[in-house]
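Peer 1: coords below, sequence missing:
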């Protein structure tokens, strides 16, 4: 088994007395697209930002984040800066706010090229045009001098991707990259990400709350709820036969496109306050399958076969019921 | 881009504003009791002089013609002669204008030199005692009248420690810099306080912007992020504020020139008003209006350059 | 550097009653300072240790001592008492310089904002001009024409000052007009004046109130500046600016004559500023 590219080991994020992210352990293989799924407030963005140490000092990050043999959590600021952008890149949800409005796109690409690759002048310009071409922005040479507000939504997102990938990173963290876009553009951007993944031999962690996005792009998916991993496994498998009460609830709440006029079934209740977590499994208060044991202690994320991990005590029952 | 459009529009506004100012000055003068020629020439004028001026000003013709004459004189800088000093007003103004320009220029530069670093420190150490101390300093500066700041500086640094002269200006440019330092500092302190408050808020807001996070995620060095991403965006509103404060800067200059006995147009304005030297007052008002309008024009241009979002 | 994290904790319902909300610190501090000055203004004889007009040739130009904390002037008058007695004049300046502009400006701004049309266009041109010429210079010019004195100063300041209030109010009214409740009022058939004064105005008034506080501090600054220049309060009326001017000629020999009245100006100004900040915070909370 080859060593994973990135390994999160018992990563937690603590703010004050609360722990919005707890005990997250994930491995990412080379060339894989891993989806990190959860509702708002589940801690998925926090986890992403913790990897690159982008959280304010009030948020204390625990655990190990192993990349290329070194623990990112223990790196000095100077060393971490060499990782950021150059080895691990991140793109954000809203390109209009993520791009500096007073600098041209060309400048924002050029920054990365200069700092990480030492490219300047014509060499940098040439590379920047290449990048814009690669992300599918037409008339790249002229667009170098354009400002972010001069692009349309989809183009802006592409520009942000180009800027992020300028230094040739091996891992891309995508924090809800399509949430702010129209459905048709969403599709284009996702296809672009997959294409880039192959062309540039990158791995991707895709954070989203949209199961449809996950289904279409991710090899594996990790389901996060209230800061804890509930289930991790290959996408197809989890979608077809979920092994956790929460995942089951999520999948059930998707409207079925094949049936007209159906009653939408959501998951009753709301996610818990990070400062006032339930004693046992965090999802137990809302779970349709909870038993007494679920309230007793927090179930650990356990292996279920070679590919699957689940934190549900009733995984066996759920799988059996699905098979039936 | 559409910079030309913005500037064109602003020029039009300036023209209208200056025109209206001219009208107001003209009407104000005509509303005062007494003969306009006598007012402009003073009590010591001879009858012949008065008659001549009355003919020039077309006093007996319809008001429109008078205004036309007035405008013509304004445009050709024929403001008449100063009663108290017996020299052409235009020469008087030209003599004194550079001093005031230098004073306000120095004040603006000093204000920026003081406010930018302090705003940075306060924003970076937000919530700490350094931030609080800086904010208290800003609050105090804003609460002190300009003449009082001037007096305090005079008493402590000039009369007391004798580091600076007590007033007036020097003979050469460099001497002038020395003489004008305290007055410029006086003006700069209140201005710096206002700019400081605004810039600090701007910086704090920008520091939390997504694009700063993105720049950090790109692995850019901290200093670069601060300079190119934070400051570049933050100072747009502060530069605008600086321009808007030109009015109070000139107002402050008027008072400061009085406190430090500086022969600039501010003091000229006060002295002329007291001396009922209306020719000077007229000329000064129009010149002042034009000057401030030009500053607004420059401000628009700078704003458009700094923030590419405007103009489209 | 990333977006700040907020925890989804239970949020307290904002109390509709002002009394149940603890007032912000700045409001309390500002009010305390102003109360102090108010007492000095209303009961100066009670607060001041000496008669401000009493000459004492035995104690000319004494530096600050326990007997005379602010020192004495060139006639032997106690500076602390003079400063306290001057408080009523400066507080009056703060109130009277701002009262007319605030009321008239607010009304004018309402009407300009709501009705628009050519009066509004003229008003906007007026604003452009006022912004071009420094406020101080305009006021000085008007006072010069009318003659020096407190009343003329009030007239001069009011003549120019209302425009600022009107501009502020106009902007607020226009922004309120865009809200749904304004349209709802029309749909219900309410008369326009009723809509303006009973619906739009109360919602738009907050920034005006806050600005009024700041303006009072500005009024003291302007009033004392004019007093210093000899254009405002006239001697023998004791006003802080006039007191400072009196001390100007004794800068090197009796610096306390000018410095201490200045403290009063700064403190009073800060009192109003803090009050204004406190009001702003309070109104923000209520929103």
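Peer 2: Happy to help now that I have it. Keep in mind that this is a model prediction, so the values were computed, not measured.

Peer 1: so what touches stretch B:118-130?
Peer 2: B:131, B:134-135, B:137, B:192, B:195-196, B:199-200, B:203-204, B:207, B:226, B:231 (C-beta atoms under 8 Å, 6 or more residues apart in numbering or on different chains). C-beta coordinates here come from the backbone N, C-alpha and C atoms, glycine included.

Peer 1: ok, those residues vs chain C, which is closest?
Peer 2: residue B:207 (7.1 Å; C-beta to the nearest C-beta).

Peer 1: chain neighbours aside, what residue packs nearest to the closest one?
Peer 2: residue B:230 (5.7 Å; C-beta to C-beta, 6 or more residues apart in numbering or on different chains).

Peer 1: doesn't residue B:205 make contact with the one you found?
Peer 2: No - contact criterion C-beta atoms under 8 Å: residue B:230 and residue B:205 do not qualify, at 9.9 Å.

Peer 1: so between those two, which is more surrounded?
Peer 2: Neighbours were counted for residue B:230 and for residue B:205 using other C-beta atoms under 10 Å in any protein chain shown; residue B:230 has more, 26 against 14.

Peer 1: and for the closest residue to chain C within the stretch 101-250 of chain B, the neighbour number?
Peer 2: Distances between the stretch 101-250 of chain B and chain C by C-beta to the nearest C-beta are smallest at residue B:143, namely 3.8 Å. The tally of other residues near residue B:143 (other C-beta under 10 Å) stands at 23.

Peer 1: can you give me the strands in the stretch 151-300 of chain A?
Peer 2: A:171-175, A:203-208, A:220-225, A:228-234 (DSSP state E, counting those that start in this stretch).

Peer 1: circling back: so who does the residue nearest to residue B:207 touch?
Peer 2: B:203, B:206-207, B:212.

Peer 1: check residue A:169 too.
Peer 2: With C-beta under 8 Å, 6+ apart, residue A:169 has these contacts: A:85-89, A:202.

Peer 1: who in chain A is up against chain C?
Peer 2: By C-beta under 8 Å from any C-beta of the partner chain, the residues of chain A that approach chain C are A:15-16, A:18, A:20, A:41, A:46, A:49, A:54-56, A:58-59, A:271, A:273-275.

Peer 1: narrow those to those in helices?
Peer 2: A:46, A:49 (DSSP state H).

Peer 1: burial count for the residue in the stretch 101-250 of chain A positioned nearest to chain B?
Peer 2: For the stretch 101-250 of chain A and chain B, the shortest gap (C-beta to the nearest C-beta) falls at residue A:147, measuring 4.8 Å. Residues near residue A:147, counting by other C-beta under 10 Å, number 20.

Peer 1: now do residue A:121
Peer 2: So residue A:121, with other C-beta under 10 Å, has 9 neighbours.

Peer 1: confidence score at residue A:190?
Peer 2: In this model, residue A:190 is scored at 92, pLDDT.

Peer 1: find the nearest non-adjacent residue to it, please.
Peer 2: Residue A:190 sits nearest to residue A:217 (C-beta to C-beta, 6+ apart), 5.2 Å away.

Peer 1: what residues does the one you found make contact with?
Peer 2: Counting by C-beta under 8 Å, 6+ apart, residue A:217 has contacts A:33, A:35, A:190, A:193-194, A:206.

Peer 1: just the buried members of these?
Peer 2: A:33, A:35, A:190, A:193, A:206 (16 or more other C-beta atoms under 10 Å in any protein chain shown).

Peer 1: circling back: quick check: which of the strands of the stretch 151-300 of chain A is buried the most?
Peer 2: strand A:220-225 (a mean of 26; mean count of other C-beta atoms under 10 Å in any protein chain shown).

Peer 1: listing partners with orientation, what would you give for it?
Peer 2: strand A:33-37 (parallel), strand A:228-234 (antiparallel) (DSSP bridges).

Peer 1: possible to save the ones you listed as JSON lines with mean pLDDT?
Peer 2: Below are the strands paired with strand A:220-225 laid out as JSON lines (pLDDT from 0 to 100):
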{"stretch": "strand A:33-37", "mean pLDDT": "94"}
{"stretch": "strand A:228-234", "mean pLDDT": "91"}
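
Peer 1: residue B:170 is nearest to which of the ones you listed?
Peer 2: Comparing the strands paired with strand A:220-225 by their distance to residue B:170 (C-beta to C-beta), the top pick is strand A:33-37, with 70.0 Å.

Peer 1: identify all contacting residues around that closest one.
Peer 2: Contacts for strand A:33-37 (C-beta under 8 Å, 6+ apart): A:26, A:28, A:44, A:47-48, A:194, A:197, A:203-209, A:211, A:213-214, A:217-224, A:235, A:250.

Peer 1: could you give the angle of that strand to strand A:203-208?
Peer 2: 20 degrees (axes from the mean of the first three to the mean of the last three C-alpha atoms, to 10 degrees).

Peer 1: residue contacts, the spatially most central residue of chain B?
Peer 2: Nearest residue to the geometric centre of chain B (C-alpha atoms, centre = their mean): residue B:250, 3.4 Å. Going by C-beta under 8 Å, 6+ apart, residue B:250 touches B:100, B:104, B:266, B:288, B:292, C:134, C:137.

Peer 1: which of those residues lies closest to residue C:259?
Peer 2: residue B:266 (24.0 Å).

Peer 1: is the closest one within a helix or a strand, and which one?
Peer 2: According to DSSP states H and E, residue B:266 maps onto helix B:265-274.

Peer 1: what's the next helix or strand after that helix packed up against?
Peer 2: Counting by DSSP H and E, the next helix or strand C-terminal to helix B:265-274 is helix B:278-306. Judged by 3 or more C-beta pairs under 8 Å, 6 or more residues apart in numbering or on different chains; DSSP states H and E, helix B:278-306 is in contact with helix B:3-31, helix B:36-41, helix B:89-124, helix B:232-244, helix B:246-259, helix B:265-274, helix C:117-132, helix C:135-146.

Peer 1: columns distance to residue A:303 on top of these, output as JSON lines?
Peer 2: Below are the helices and strands packed on helix B:278-306 laid out as JSON lines (distance: least, C-beta to C-beta, whole Å):
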{"stretch": "helix B:3-31", "distance to residue A:303": "65"}
{"stretch": "helix B:36-41", "distance to residue A:303": "101"}
{"stretch": "helix B:89-124", "distance to residue A:303": "47"}
{"stretch": "helix B:232-244", "distance to residue A:303": "49"}
{"stretch": "helix B:246-259", "distance to residue A:303": "71"}
{"stretch": "helix B:265-274", "distance to residue A:303": "83"}
{"stretch": "helix C:117-132", "distance to residue A:303": "72"}
{"stretch": "helix C:135-146", "distance to residue A:303": "76"}
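
Peer 1: JSON lines for these, including mean pLDDT and distance to residue B:163?
Peer 2: Converted to JSON lines, these look like this (pLDDT from 0 to 100; distance: least, C-beta to C-beta, whole Å):
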{"stretch": "helix B:3-31", "mean pLDDT": "74", "distance to residue B:163": "41"}
{"stretch": "helix B:36-41", "mean pLDDT": "66", "distance to residue B:163": "44"}
{"stretch": "helix B:89-124", "mean pLDDT": "89", "distance to residue B:163": "16"}
{"stretch": "helix B:232-244", "mean pLDDT": "81", "distance to residue B:163": "28"}
{"stretch": "helix B:246-259", "mean pLDDT": "87", "distance to residue B:163": "17"}
{"stretch": "helix B:265-274", "mean pLDDT": "80", "distance to residue B:163": "23"}
{"stretch": "helix C:117-132", "mean pLDDT": "84", "distance to residue B:163": "37"}
{"stretch": "helix C:135-146", "mean pLDDT": "80", "distance to residue B:163": "29"}
